[in-house]
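# Fold the following and give me the result.
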Amino acid sequence: MELYKIELYKLIHRKFFLISLSGIFAVLLLYFCFVNIGGERSTVNGVVYTGLQAIKKDREITEAFQGILTDDKAEQIMESYGFPSAVSENYGGFRDENYLNGLITEYLGNGYFYSWDDYQVSTSLLPISQTELGKAAELAGKELLLDYTKGWSVFFDLLQLGMVLGSFLLIIGLSPVFAEEHQTGMSALLFTSKKGKSGDIAAKTAASFTLTALVYAAVVLFAFSATGLVYGLDGLECMNGFVSSPYGVDAASRLAIKPVSYSVFLTLLLDWLALTTLCSIVLCISGHTRTSFHAALLSGMAWMLPLLLRILFSGIGYLLASGTPLFLIMTGILYDWYSFLFFPAGIAVCIFTVCIINSWQAYKTSEIDR
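Sure, this is the predicted structure:
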């Protein structure tokens, strides 16, 4: 236990790690403020709100219509706020919409918006039962719920960016775990002590996964705190298609008709699997290399390699890459492979197992090979 504490202290108290962790939070905060909040826009009764005021206004007007979505409620929303109609070049949507009339128009309106020069303004609403929304609700066997779910789309966006930055931090922070001992010549000394090999390896591995857990928890906590404070965390039981599905509320997508809470749980699970798999890969490479620099460089290359695999080998390449740390943190993986989620999960578990065992063996025999 004492050795574990020492190893964990060494990892956490490195200046680079502490500075990088602070940098991650700074980047996430700037992204949240200028991209997420800064991009908000809402038009209510002819008044345009932006940023925090837009979020506040959308939450306020949605509160009056929370609950089961019916045809009458949809009509009331359009009577109150009208059909969006204003467009401008390179703006992805109607400029005069708010959260409520934008959502209702998208799923129930008789118009469409494909781009700023390819759209048709809605003039009436279709009955819910005749739309994809109605089919999805029937397939799910539940009533359609209306709530302010904008915060969850921001949560997924912020979480994905946080996991990407956290991955870089782990690559740099964990690369010295075994390689540094080779670099300084300490491994030869450590191995001469009682239970030096087994005790040292176990302590370093445990400390590495503890650090991984801390980075994961920090990113998740930040994403929850930031979105909850500004957007709120309402709408967990709403249909997931309203929030993060790239296909919208599509009856053909099994995940799109699930509640938002289900998608949040699976995303957090895949992110945890991604970071622990990345930890095992970095430890494996660190066990084979003689310097921290080479370990970090090779770990970074290994993390990015699946992207090349995806580009070169298309479908089969995407299947193989889907179980790697780079792709597991991407929200799209959940939708692309939901029906076969055991494929990427199984690939990740295999990578994890092979890398952990190999890192132990490489470090144990490192002094023999020198």
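# what packs against the helix or strand harbouring Ser263?
Using DSSP states H and E, Ser263 falls within helix 260-288. In terms of contacts (3 or more CB pairs under 8 Å, 6 or more residues apart in numbering; DSSP states H and E), helix 260-288 is packed against helix 150-174, helix 176-184, helix 196-230, helix 292-321, helix 325-328, helix 331-336, helix 342-364. From N, CA and C alone the C-beta is placed, and that goes for glycine too.
# Comparing those by mean pLDDT, which bottoms out?
Among those, helix 176-184 carries the lowest mean pLDDT, at a mean of 73.
# Double-check that Ser42 belongs to a helix.
No: read with DSSP: H, G, I helix; E, B strand; the rest coil, Ser42 is strand and lies in no helix.
# That one pairs with what?
Beta-bridge partners for Ser42, by DSSP bridges, are Tyr49.
# correct me, but it touches Asn101?
No: at 9.9 Å, Ser42 does not count as touching Asn101 under the criterion of CB atoms under 8 Å.
# give the contact list for the residue nearest the centre of the chain.
Nearest to the mean C-alpha position of the chain, by CA atoms, centre = their mean, lies Gln160 at 3.0 Å. Listed by CB atoms under 8 Å, 6 or more residues apart in numbering, the contact partners of Gln160 are Ile329, Met330, Thr331.
# what about burial for those, which qualify?
For these, a burial check counting by 16 or more other CB atoms under 10 Å picks out Ile329, Met330, Thr331.
# Closest one of these to Glu237?
Proximity of the buried ones among the contacts of Gln160 to Glu237 (CB to CB) peaks at Thr331, which lies at 19.8 Å.
# Determine the angle, from 0 to 180 degrees, between the helix holding Ser263 and helix 196-230.
Note on geometry: by axes from the mean of the first three to the mean of the last three CA atoms, to 10 degrees, helix 260-288 and helix 196-230 are set 150 degrees apart in direction.
# How far off centre is helix 260-288?
11 Å (CA atoms, centre = their mean, to the nearest Å).
# in it, what counts as buried?
Buried positions in helix 260-288, judged by neighbour count with 16+ other CB under 10 Å: 260, 263-264, 266-267, 270-288.
# hang on, the earlier thing: Ile37: which of the buried ones among the contacts of Gln160 is nearest?
Among the buried ones among the contacts of Gln160, Thr331 lies closest to Ile37 (CB to CB), at 19.7 Å.
# where's the closest one relative to Ser42, distance?
As judged by CB to CB, to the nearest Å, Thr331 and Ser42 stand 24 Å apart.
# Can you spell out the domain ranges of this protein, please?
For the chain, automatic domain parsing gives the domain ranges 2-34+150-369, 67-126.
# In CSV: those domains, plus distance to Lys135.
Converted to CSV, those look like this (distance: least, CB to CB, whole Å):
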stretch, distance to Lys135
domain 2-34+150-369, 4
domain 67-126, 11
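# ok, and the closest non-adjacent residue to Lys57?
Closest residue to Lys57 apart from its sequence neighbours, by CB to CB, 6 or more residues apart in numbering: Tyr49 at 4.8 Å.
# actually Asn45, not the one I typed
Tyr81 (7.3 Å).
# my read: that neighbour touches Asn98, true?
Yes: if you go by CB under 8 Å, Tyr81 and Asn98 touch, sitting 6.1 Å apart.
# of the two, who's got more company?
Using other CB atoms under 10 Å as the criterion, Tyr81 and Asn98 rank with Asn98 on top: 24 against 21.
# Contacts only, for the spatially closest residue to the more buried one that is not a sequence neighbour.
Spatial nearest neighbour of Asn98, excluding adjacent residues (CB to CB, 6+ apart): Ser42 at 4.3 Å. Shown in contact with Ser42 (CB under 8 Å, 6+ apart): Val48, Tyr49, Thr50, Ala54, Ile55, Lys57, Asp58, Glu97, Asn98, Tyr99.
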